[in-house]
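Engineer: Model the structure of this input:
(one chain, ligands or ions: 2)
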Amino acid sequence: MKYDYLVVGAGLFGAVIAQQAIENRRSVLVVEKRDHIAGNVYTENIDGINVHRYGAHIFHTNDDEVWSYVNRFADFNDYINSPIANYKGELYNLPFNMNTFQQMWGVTTEAEARQKIENDRKEAVEEFAAKRGVSADDFTPANLEEQAISLVGRDIYEKLIKGYTEKQWGRPCSELPSFIIKRLPVRFTYDNNYFNAKYQGIPIGGYTRLVEKLLEGAEVRLGVDYLENKAELDALADTVIYTGPIDAYFAYSLGALQYRSVRFETESLATPDYQGNAVVNYTDRETPYTRIIEHKWFEFGKDESGNDIPTTIISKEYSSEWKVGDEPYYPVNDEKNQALYLEYQKLAQNEAAGKVIFGGRLGEYKYYDMDQVISTALNCYRSL
Ligand code: FAD
Ligand code: UDP
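Structural biologist: Ligands and ions are numbered 1, 2, ... in the order given. Here you go, the predicted model:
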């Protein structure tokens, strides 16, 4: 049988394309090299707890279309992410807000907090500008270190950003792009909501169930590596939607793009509560992991029947440099990698002129959140 679409990868991008195609009465074959669907948003239910196997996923969006789309396939709870930072035993609220400033400096008003940050910023800007040989007026932050100090001052940079970021990205903050940190809100109110998003929550029953619904009506083959069976699979469909790594598609012919990988160490504990919060970030350089996730708190410690769960499951996240064979998680969008990606994109455009379309976090080598992946997949299908 010949299909209208061959979708490579059963993650969110691939699943949304499949759903749209089925809705439009097209036939779809999805191939996935892992032994399960849902890509990195995969959750598995263990002892009543939905465990986020590839890292904590909190759905948040400002996009009305995306929100009403996902709500067709799942109900969402009203979880609001409010992580805690642990710096050598000192606890701070995240994201950076009046609670954090009060804990860090004892200030209680917006004016005091702004004054403290402005003093730090001024001093740092003079130092950075002198190093760069420009006047303080002409200085604009060019990397994550300069950006972070300008936004929240030196103390917060040193205690809550520097160690965490260098562990997560394996590079000095002075060599990282500033946009990474611009994701985090800075507020002068007492509001610990990690996201400035109109909508937020966790799909009740887990992400895997949501993706299962998206894939209804598509034929899904698990444990199939497209690149190892390319000719045979290509012959089965008119159009291929490829959501794996773009450089792997071209056999790394221009060199490998860099990714950050993550290793998760998951343990079940015979206690109802380990850390009292879903996410605790360890922001010092010495603790080898970046954060500990306690999965049950994404669903308020209750199982699907609303009962308290007597045990708990935690995952420690260790960040590492990716090498061929590891799971790629975070594209490293620095200048060097971005330039290489653009070269691959040219190859992809030639390929697309034939019949292959590249999408998703790995296919487009972009640090996309789930809502952006869904939105780009909906647009991609429209353009087909
Ligand atoms: P993926 O989920 O990676 O799916 C691609 C699929 O393709 C995979 O299943 C892979 O196995 C398969 N594949 C690859 N190559 C082949 C091949 N050759 N043959 C067959 N199959 C193949 N976003 C948020 O909005 N909120 C969060 O809180 C959040 N937290 C995150 C935490 C972590 C640790 C990470 C890494 C990401 C997080 N994200 C979060 C981002 C989110 O995971 C992504 O936006 C989304 O999952 C990307 O979907 P995708 O379909 O593009 O990619
Ligand atoms: N970050 C930090 N300290 C923290 C949390 C985040 O410095 O306690 C920085 C870090 O550089 C990280 C970026 O902010 O890469 C974005 O954080 P986010 O939580 O959005 O990362 P993700 O969800 O992608 O892991």
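
Engineer: what helices or strands is the longest helix anywhere in the chain leaning on?
Structural biologist: Taking DSSP state H as the criterion, the chain has its longest helix at helix 110-132. Of the remaining helices and strands, those touching helix 110-132 by 3 or more C-beta pairs under 8 Å, 6 or more residues apart in numbering; DSSP states H and E are helix 98-105, helix 144-156. The C-beta positions use only the backbone N, C-alpha and C, and glycine is treated the same way.

Engineer: Which stretch among the ones you listed is buried most, on average?
Structural biologist: helix 144-156 (a mean of 23; mean count of other C-beta atoms under 10 Å).

Engineer: quick check, the helix or strand that that one is followed by touching ligand 1?
Structural biologist: Secondary structure here is assigned by DSSP states H and E; on that basis, the next helix or strand after helix 144-156 toward the C-terminus is helix 163-169. No: using C-beta under 6 Å from any ligand atom, helix 163-169 stays clear of ligand 1, with a minimum separation of 9.7 Å.

Engineer: helices or strands up against helix 163-169?
Structural biologist: Counting contacts by 3+ C-beta pairs under 8 Å, 6+ apart, the secondary-structure elements packed against helix 163-169 are helix 179-182, strand 312-321.

Engineer: picking up where we left off before, quick one: buried residues of the longest helix of the chain?
Structural biologist: Of the residues in helix 110-132, 113, 116-117, 120-121, 124-125, 128-129 count as buried by neighbour count, 16 or more other C-beta atoms under 10 Å.

Engineer: How about the contacts made by the residue in the stretch 201-350 of the chain that ligand 2 sits nearest to?
Structural biologist: When distances are taken as C-beta to the nearest ligand atom, the stretch 201-350 of the chain reaches nearest to ligand 2 at Asn281, 3.9 Å away. If a contact means C-beta atoms under 8 Å, 6 or more residues apart in numbering, then Asn281 has 83-86, 94, 164, 290-291 as its contacts.

Engineer: ok, which residues in the stretch 251-384 of the chain are in contact with ligand 1?
Structural biologist: Taking C-beta under 6 Å from any ligand atom as the measure of proximity, the stretch 251-384 of the chain contacts ligand 1 at 262, 329-330, 360-362, 368-371, 373.

Engineer: Among the residues you listed, which ones are in helices?
Structural biologist: Counting by DSSP H, these contribute 360-362, 370-371, 373 to helices.

Engineer: Between all of those residues, which two are separated the most?
Structural biologist: In terms of C-beta to C-beta, these reach their longest pairwise distance at Leu362 and Asp371, which sit 17.2 Å apart.

Engineer: and the two? which has more neighbours close in?
Structural biologist: For Leu362 against Asp371, the residue with the higher neighbour count under other C-beta atoms under 10 Å is Leu362, and the figures read 27 against 21.

Engineer: pLDDT weak spots in the stretch 251-384 of the chain?
Structural biologist: Low-confidence regions of the stretch 251-384 of the chain, defined here as pLDDT under 70, cover residues 352, 354.

Engineer: can you pull out the helices in it?
Structural biologist: Chain-ordered helices for the stretch 251-384 of the chain, with DSSP state H, counting those that start in this stretch as the definition, fall at 335-354, 360-363, 370-383.

Engineer: and those, which is most packed in?
Structural biologist: Looking across these with neighbours counted as mean count of other C-beta under 10 Å, the highest average goes to helix 360-363: a mean of 27.

Engineer: The closest residue to Asn93 other than its chain neighbours and ligand 1: what is the separation?
Structural biologist: Spatial nearest neighbour of Asn93, chain neighbours left out: Asn99 (3.9 Å); criterion: C-beta to C-beta, 6 or more residues apart in numbering. Here the criterion is C-beta to the nearest ligand atom, to the nearest Å. By it, Asn99 lies 21 Å from ligand 1.
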